[in-house]
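Colleague: Here is a sequence together with a model predicted from it:
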Amino acid sequence: MSSGQKSKLTAPLEQDDQVLDLALRPSRFDEYVGQENVKENLAILIGAAKKRKESLEHILIHGPSGLGKTTLAYLIAKEFGAGIRITSGAALEKAGDIGSILTGLSDGDFLFIDEVHRLNKTVEETLYPAMENYCLDIIIGKGTSAKTLQVKLPRFTLIAATTRISLLSNPFRSRFGAHYKLDFYNKEEIEKILRRSAKLLKIEADKDAIGKIAAASRFTPRIANRLLKRVRDYTQVQNSAVLTGVFATKALDLLGIDDIGLDATDRKILTLISKNFNGGPVGLKSVAAAIAEEEDTIEDVYEPYLMQIGFLARTSRGRILTDLATKHLGLGKQKATLAL
């Protein structure tokens, strides 16, 4: 296939995808597949708060990206019939940014901060009294003439999401009354999500196609839905009304994704550790420099899945390739040992 044809298939139709992502998002808890333990605990938390006629305690949700943290926030707010404001840690650069959002909330409203580990220290410290006492401390003036003005805030609930909970300070983390960790989904759950998404997108997909997309989804709903849309595009270009396993395989091949969801960067990381570093151990900085990728991207996007499927191990000495990875990629026998 020519580069022009490939770009036509893989070009990101961002606006269309955003609309479709919203359409595929569950609107009720009974439509939210997986994370059963988290849903059960949330049901208790929400039910008890409703009986007491109180606002919810602040909630911290953590886990790899694409598992449904934002969706959970929407569902929690909807369950209460309350409004929700959405922002991200990187967007809140100064105390005034969070102050303007908090003062614009109403009693019972929710504030969702995604990637909360990216908050700077000043904004984080501004949140402390807001979370505990529902007040905002504003400093007027400088030096000895400075005065503190306390502004009362509505009784809001903060829902924070992060992919790197270890980067949150202990004082900040302790102010959340409920902590929930989202885990990777299993293949059956992903297939259920794909069947629901196919129905919403009015796609006829056979069992083989659903199975192949699920296997390549990295156990992540967001990726599964994205792959479903790209396979749908390929199927439509082939003038077929049915998304089959054959079309799914060909579309995934064009995207550079193998049958267990590894893409070109995954394979580059694994091959590099095997060939350049004799299977490891090797530090994250060395890997990032060798493949010209950001350390955070490797740690947040690629490593969680590679570790989940047992292809990569983290030790005190660095990253180590496992025999499963070398066997899958045909790289030869693994020489490194798991020296923890």
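Modeller: Happy to help now that I have it. The structure displayed is predicted, hence computed values, not measured ones.
Colleague: in which helix or strand would I find the spatially most central residue of the chain?
Modeller: Relative to the mean C-alpha position of the chain, the nearest C-alpha, by CA atoms, centre = their mean, is the one of residue 65, at 1.5 Å. With elements delineated by DSSP states H and E, residue 65 resides in a region that no helix or strand encompasses.
Colleague: Give me the spatial nearest neighbour of it, chain neighbours excluded.
Modeller: In space, not counting the residues next to it along the chain, residue 65 is nearest to residue 163; the distance is 5.3 Å by CB to CB, 6 or more residues apart in numbering. (Glycine included, C-beta is placed from N, CA and C.)
Colleague: Got the domain ranges for this structure?
Modeller: If you go by automatic domain parsing, the domain ranges for the chain are 35-181, 186-254, 264-329.
Colleague: Give the bridge partners for residue 178, please.
Modeller: Bridge pairing for residue 178 (DSSP bridges) gives the partners residue 59.
Colleague: Then residue 313 would be within a helix, right?
Modeller: No. If the criterion is DSSP: H, G, I helix; E, B strand; the rest coil, then residue 313 is strand and not within a helix.
Colleague: Next one: it relative to residue 283, how far apart?
Modeller: Relative to residue 283, residue 313 is positioned 14 Å away (CB to CB, to the nearest Å).
Colleague: what does residue 262 give?
Modeller: Per CB to CB, residue 262 is found 22 Å from residue 283.
Colleague: coming back round to it: please say which of residue 313 and residue 283 ends up with more neighbours.
Modeller: Taking neighbours as other CB atoms under 10 Å, residue 313 and residue 283 compare with residue 313 leading, 18 against 14.
Colleague: Spatially nearest residue to that one (excluding sequence neighbours)?
Modeller: Spatial nearest neighbour of residue 313, chain neighbours left out: residue 320 (4.7 Å); criterion: CB to CB, 6+ apart.
Colleague: what sits against the closest residue to residue 113 other than its chain neighbours?
Modeller: The shortest distance from residue 113 to any residue that is not its chain neighbour, by CB to CB, 6+ apart, is 4.9 Å, and that residue is residue 160. Residues counted as contacts of residue 160 (CB atoms under 8 Å, 6 or more residues apart in numbering) are 58-61, 112-113, 116, 176.
Colleague: in which helix or strand would I find residue 160?
Modeller: Residue 160 belongs to strand 157-162 when assigned by DSSP H and E.
Colleague: can you give me the strands in the stretch 101-250 of the chain?
Modeller: When assigned using DSSP state E, counting those that start in this stretch, the strands of the stretch 101-250 of the chain occupy the ranges 110-114, 135-140, 147-152, 157-162, 178-181, 204-205, 242-243.
Colleague: which of these sits most buried?
Modeller: Comparing these on average neighbours per residue, with mean count of other CB atoms under 10 Å, the densest one is strand 157-162 at a mean of 25.
Colleague: Partner strands of it, with direction?
Modeller: With DSSP bridges as the test, strand 157-162 pairs up with strand 59-62 (parallel), strand 110-114 (parallel).
Colleague: For residue 54, give me the pLDDT.
Modeller: Reading off the per-residue confidence, residue 54 sits at a pLDDT of 85.
Colleague: And the one 3 residues further on, by the same measure?
Modeller: Per-residue confidence (pLDDT) for residue 57: 91.
Colleague: In this structure it contacts residue 176, no?
Modeller: Yes. Shown here, residue 57 and residue 176 form a contact pair, counting by CB atoms under 8 Å, at 7.5 Å.
Colleague: Who has more neighbours out of the two?
Modeller: Between residue 57 and residue 176, counted using other CB under 10 Å, residue 176 has the larger neighbour count: 19 against 14.
Colleague: ok, the more buried one - contacts?
Modeller: Neighbour list for residue 176: 57-60, 158, 160 [criterion: CB under 8 Å, 6+ apart].
Colleague: Ok, residue 122 next?
Modeller: Shown here is residue 122, whose contacts under the criterion CB under 8 Å, 6+ apart are 94-95.
Colleague: ok, now residue 305?
Modeller: Under the criterion of CB under 8 Å, 6+ apart, the contact list for residue 305 reads 64, 184, 218-220, 261, 266.
Colleague: neighbour-wise, which of the residues you listed leads?
Modeller: When neighbours are counted as other CB under 10 Å, the busiest of the contacts of residue 305 turns out to be residue 218, with 27 neighbours.
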